[in-house]
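>>> Got a sequence here, can you model it:
(one chain, ligands or ions: 2)
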Amino acid sequence: YPWGYDGDNGPDQWHKNYPTAKGRHQSPIEINNKEVHYDRSLLPWFASYDPGAAKTILNNGKTCRVVFDDSFDRSVLRGGPLQGVYRLRQLHFHWGSSDDHGSEHVVNGVRYAGELHLLHWNPKYSNYLDAVRRTDGIAVLAIFLQVGKTPKPEMKRILEEINAIKTKGKEAPFPNFDPSILFPKSHDYWTYHGSFTTPPCEECITWIVLREPIIVSSDQMAKLRSLSKNAENEPDLPLVDNWRPTQPRYFRMVSASFL
Ligand SMILES: NS(=O)(=O)c1ccc(CCNC(=O)Nc2ccc(Cl)cc2)cc1
Ligand SMILES: [Zn+2]
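Ligands and ions are numbered 1, 2, ... in the order given. Now for the predicted structure:
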């Protein structure tokens with residue numbers, strides 16, 4: 001069912017066709033220092049990604065997504081709050097129409113210009129679709145994009161491909177890419193149980209939200225905003241503001257790996 005981010009098919013309407021969107025474990029949420037619980041038993045997380053697993057980059061009209069070969073434990077995330085390894089399946093972005101907003105999670109009232117999500121699934125389940133129906137099926141590593149003067153050169157590779165996927169449905173080969181080059185120095189994180197931030201909003205995600213943002217330039221954000229949500233032969237509609245507002249935390253604990 002067609003859903004979007006504005007007006008009559010926007011986030012406040014999603015629950016009409018996707019009732020889970022009104023659940024008790026929805027994402028994103030506000031992360032506020034005074035409500036976070038430092039958990040010294042939380043382990044560090046590790047990503048071991050094979051650059052050869054990267055396949056293609058595409059514009060699906062909702063975001064810019066890079067997909068990886070997840071047919072075996074080739075690129076995995078482990079540790080942190082996770083039991084066992086989770087297979088990297090795809091990464092994508094959320095961003096705003098200007099640099100002062102665009103992230104999905106909000107930290108002590110701060111909205112970042114964007115947010116990078118790396119989605120992993122638990123191979124103890126027979127396939128991705130099965131994992132999506134399990135509370136421990138998916139793990140998303142979330143990294144904030146902050147606009148600054150000294151952008152991370154590693155972002156260039158992704159943004160160079162944007163011209164090849166301007167409109168919805170466009171896809172381009174994206175070989176030899178290890179997304180861990182995008183990671184910030186610190187591995188400090190918050191973790192909580194939540195959902196996909198887009199319909200059907202299944203509540204199957206262990207969120208690992210990094211405290212340290214990565215720095216991108218305003219030009220790099222403008223590059224993301226140059227994507228269109230329409231197909232090639234349709235009137236141009238900028239692909240911007242593809243973020244869901246924060247959802248009620250209810251009785252969920254947000255744990256921090258750091259003091
Ligand atoms: N912003 S986020 O990280 O929460 C997030 C990550 C991934 C999605 C897509 C979830 N949906 C999906 O992947 N559906 C699907 C895919 C393949 C088959 Cl074969 C069937 C169904 C939505 C939000
Ligand atoms: Zn996302």
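
>>> how about the residues of the stretch 151-259 of the chain near ligand 1?
Applying Cβ under 6 Å from any ligand atom, we find that the stretch 151-259 of the chain lies next to ligand 1 at 196, 197, 198. (C-beta placed from N, C-alpha, C; glycine too.)

>>> Next up, the contacts around the last one.
When contacts are counted by Cβ atoms under 8 Å, 6 or more residues apart in numbering, residue 198 touches 3, 62, 244.

>>> What's the per-residue pLDDT of residue 251 here?
Note for residue 251: predicted pLDDT of 94.

>>> Got phi/psi on it?
With angles defined as degrees, to the nearest 10, residue 251 sits at phi -100, psi 40.

>>> Would you confirm that it contacts residue 24?
Yes: contact criterion Cβ atoms under 8 Å: residue 251 and residue 24 qualify, at 7.4 Å.

>>> higher neighbour count, the two?
Just comparing residue 251 and residue 24: by other Cβ atoms under 10 Å the higher neighbour count belongs to residue 24, 12 against 7.

>>> remind me which residues of this protein are low pLDDT?
For the chain, applying pLDDT under 70 flags no range at all.

>>> at 90 what do you get?
1, 7, 152 (pLDDT under 90).

>>> Enumerate the positions of stretch 172-179 that are buried.
Buried residues in stretch 172-179, counted by 16 or more other Cβ atoms under 10 Å: 174, 177, 178, 179.

>>> go on, stretch 122-129?
Under 16+ other Cβ under 10 Å, the buried positions of stretch 122-129 are 122, 123, 125, 128.

>>> In contact with the third one, which residues?
Going back to what we said before, that points to residue 125. Residue 125 neighbours (Cβ under 8 Å, 6+ apart): 131, 134, 137.

>>> which residues touch the closest residue to it other than its chain neighbours?
Residue nearest to residue 125 in three dimensions, not counting chain neighbours: residue 131, with 4.2 Å by Cβ to Cβ, 6 or more residues apart in numbering. Going by Cβ under 8 Å, 6+ apart, residue 131 touches 121, 122, 125, 137, 138, 204.

>>> With residue 190 instead?
Counting by Cβ under 8 Å, 6+ apart, residue 190 touches 31, 36, 207, 208, 209, 211, 254, 255, 256, 257.

>>> Out of the residues you listed, list just those in strands.
Applying DSSP state E to those, the entries found in strands are 31, 36, 207, 208, 209, 254, 255, 256.

>>> The fifth one pairs with what?
The residues paired with residue 209 through beta bridges, assigned by DSSP bridges, are residue 142, residue 190.
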